[in-house]
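*Asks:* can you look at this prediction? I've put the sequence above it.
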Amino acid sequence: MALFGLIVITGCTEPYITDAEAVVIKISPDGEKISETVIPCPDIYHTSSYIHTSAVEISGDGSFVIVQYPNKTSQFITRALIIDNNGKMIKDTVFPAINKEIYDIITLENDTIIAISIDGMFYSFSSNGDLITKNSVDEFDRNLTNSGESSNSTSPFSENSIILAGEDKKPGYVYILKISLDDGKASEIKIKIGGMPWVHKVIQTGDGDFLIGGSYSDSESFPLSRPWIAKADDEGSLLWEHKFGNVGDGFLGFYESEVGEYHIIYASSITDEKGSARDQYIEAIADNIGNLLSTTNDTILKYPSLISKDGLVFTETISGTDGGKKLHITKTNAEGETEWDSLCELEDSSATSSSIGSGIVQMADGGYLITGARYYY
């Protein structure tokens with residue numbers, strides 16, 4: 001799934017949850033905790049340790065957060081929250097009509113917030129949390145073959161338009177759907193890839209083309225896959241593609257740097273000199289015409305939670321010496337050097353399990369919104 005705006009928090013399924021809460025933490029550009037907002041999730045289904053949150057920054061540096069979870073009556077609860085700069089929750093609205101998981105959420109330049117669910121529904125919100133419109137992808141006036149499956153990635157395209165991407169029903173093809181939210185028009189680009197590609201992320205590049213990344217499998221490796229990235233022009237012509245690593249490696253994300261190079265991050269497994277296996281992340285860099293410039297192994301023993309042109313951010317929740325929980329955050333720059341390493345105190349909690357720090361989005365001021373969940377058994 002894409003790391004642009006989208007944050008998913010899950011936990012292992014265990015029986016008899018007595019309580020649960022979502023958490024949104026605001027972090028300064030240098031790693032200092034500014035606020036921590038705890039969002040009770042009452043009546044969560046007692047065998048489902050699952051809270052899904054999506055968060056973006058809104059005008060005035062506040063936060064718009066969607067929280068989703070199943071309750072005791074098996075209903076799917078969707079709440080839209082507005083949180084101010086000081087961490088105070090100033091609005092909490094339940095939307096019964098949104099009964100499918102939101103897989104991506106983005107903010108457009110006009111402060112409209114677009115949330116897209118796995119069933120192909122578009123939800124448009126104002127910056128004060130009100131639902132403005134609800135549309136299906138199929139309701140847009142569009143010139144296309146109607147061959148696309150559900151989209152897997154979205155990103156802003158212009159002031160009031162977006163792009164979606166996903167796999168086509170025809171094997172070996174992917175598609176990009178450009179949608180104007182002003183006039184409801186849409187157009188489709190279909191790209192022939194071959195094999196079996198799965199789209200995890202799409203962006204429009206600085207030179208006006210499109211970069212797609214995800215996983216790729218062929219007849220010899222199926223059902224296993226390997227990391228893959230492709231570039232196509234506005235007409236759908238495939239300009240170049242790369243398949244990285246080995247079969248079984250996982251795609252994590254990519255970004256375009258300030259100088260127009262593409263940094264691709266993927267996961268692999270290595271065995272050290274003592275014979276111990278561990279996961280690592282690998283960063284490959286390609287120029288805008290597809291030349292592979294370098295490949296570098298990580299020095300940090302975990303995967304990045306945020307991948308952006310400003311570098312990588314790693315988060316983990318750890319136990320403190322006093323029995324409480326702390327949030328450990330490490331920030332590297334675009335060259336892979338550690339900029340800062342921070343250990344933030346979290347509010348006291350007797351939660352049995354915690355996934356705080358598993359989701360993160362960067363804000364316009366250079367700070368971060370970090371989300372997660374706590375479960376009580």
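*Replies:* Received it, and whenever you're ready, just let me know what you need.

*Asks:* distance check, V94 against R79.
*Replies:* For V94, the distance to R79 (CB to CB, to the nearest Å) stands at 5 Å. In short, each C-beta sits where N, CA and C put it, glycine included.

*Asks:* between those two, which is the more surrounded one?
*Replies:* R79 (20 against 10; other CB atoms under 10 Å).

*Asks:* ok, and the closest non-adjacent residue to N110?
*Replies:* Leaving aside its chain neighbours, N110 sits nearest to N160 (5.8 Å; criterion: CB to CB, 6 or more residues apart in numbering).

*Asks:* try G253
*Replies:* I307 (3.9 Å).

*Asks:* isn't the one you found right up against S257?
*Replies:* No: assessed by CB atoms under 8 Å, I307 is found out of contact with S257, at 11.7 Å.

*Asks:* what touches both of the two?
*Replies:* Residues touching both I307 and S257 (CB atoms under 8 Å, 6 or more residues apart in numbering) are H263.

*Asks:* who has more neighbours, the two?
*Replies:* Using other CB under 10 Å as the criterion, I307 and S257 rank with I307 on top: 22 against 13.

*Asks:* so which strand or helix has the more buried one?
*Replies:* Element membership of I307 [criterion: DSSP states H and E] is strand 306-308.

*Asks:* buried residues in the helix or strand just after that strand?
*Replies:* Downstream of strand 306-308, the first helix or strand assigned by DSSP H and E is strand 311-319. Within strand 311-319, the residues scored as buried using 16 or more other CB atoms under 10 Å are G311, L312, V313, F314, T315, T317.

*Asks:* who does G250 form a beta bridge with?
*Replies:* Here G250 sits in beta bridges with A267, going by DSSP bridges.

*Asks:* low-confidence regions, this structure specifically.
*Replies:* Low-confidence segments of the chain, defined by pLDDT under 70: 1-15, 141-150, 270-278, 301, 320-324.

*Asks:* the residue nearest to E57 when sequence neighbours are not counted: neighbouring residues, count only.
*Replies:* Counting by CB to CB, 6+ apart, E57 lies nearest to M363, which is 4.4 Å off, once chain neighbours are set aside. By other CB under 10 Å, the residues close to M363 number 18.

*Asks:* report the contact partners of M363.
*Replies:* Contacts of M363 by CB under 8 Å, 6+ apart are E57, D61, L369.

*Asks:* for whichever strand or helix holds H328, which strands pair with it and how are they oriented?
*Replies:* Using DSSP H and E, H328 sits within strand 325-332. For strand 325-332, the paired strands and their directions (DSSP bridges) read strand 311-319 (antiparallel), strand 338-345 (antiparallel).

*Asks:* what does the first one contact?
*Replies:* The list of residues contacting strand 311-319 from outside it, by CB under 8 Å, 6+ apart, reads 265, 300, 302-306, 325-334, 336, 339, 346, 354-358, 360, 362, 368, 370, 372.

*Asks:* neighbour-wise, which one of the contacts of M363 leads?
*Replies:* Result: L369 is most packed of the contacts of M363 (other CB under 10 Å), 24 neighbours.

*Asks:* distance of it from E36?
*Replies:* 11 Å.

*Asks:* need the residues touching each of these two.
*Replies:* Shared contacts of L369 and E36, defined by CB under 8 Å, 6+ apart, comprise V24, I25, K26.

*Asks:* reformat those residues as a markdown table; add neighbour count.
*Replies:* Shown next, in a markdown table, are the shared contacts of L369 and E36 (neighbours: other CB atoms under 10 Å):
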| residue | neighbour count |
| --- | --- |
| V24 | 25 |
| I25 | 25 |
| K26 | 23 |
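
*Asks:* of the residues you listed, closest to S350?
*Replies:* When the shared contacts of L369 and E36 are compared for distance to S350 (CB to CB), I25 wins out at 18.6 Å.

*Asks:* quick one, phi/psi of that closest one?
*Replies:* Main-chain torsions, I25, degrees, to the nearest 10: phi -120, psi 130.

*Asks:* quick check: bridge partners of it?
*Replies:* With DSSP bridges as the rule, I25 is bridged to E36, I370.

*Asks:* same check on S180?
*Replies:* In beta-bridge terms (that is, DSSP bridges), S180 pairs with S161.

*Asks:* residue ranges of the helices in the stretch 51-200 of the chain, please?
*Replies:* Counting by DSSP state H, counting those that start in this stretch, the stretch 51-200 of the chain yields no residue ranges for helices.

*Asks:* fine by me, we can end here.
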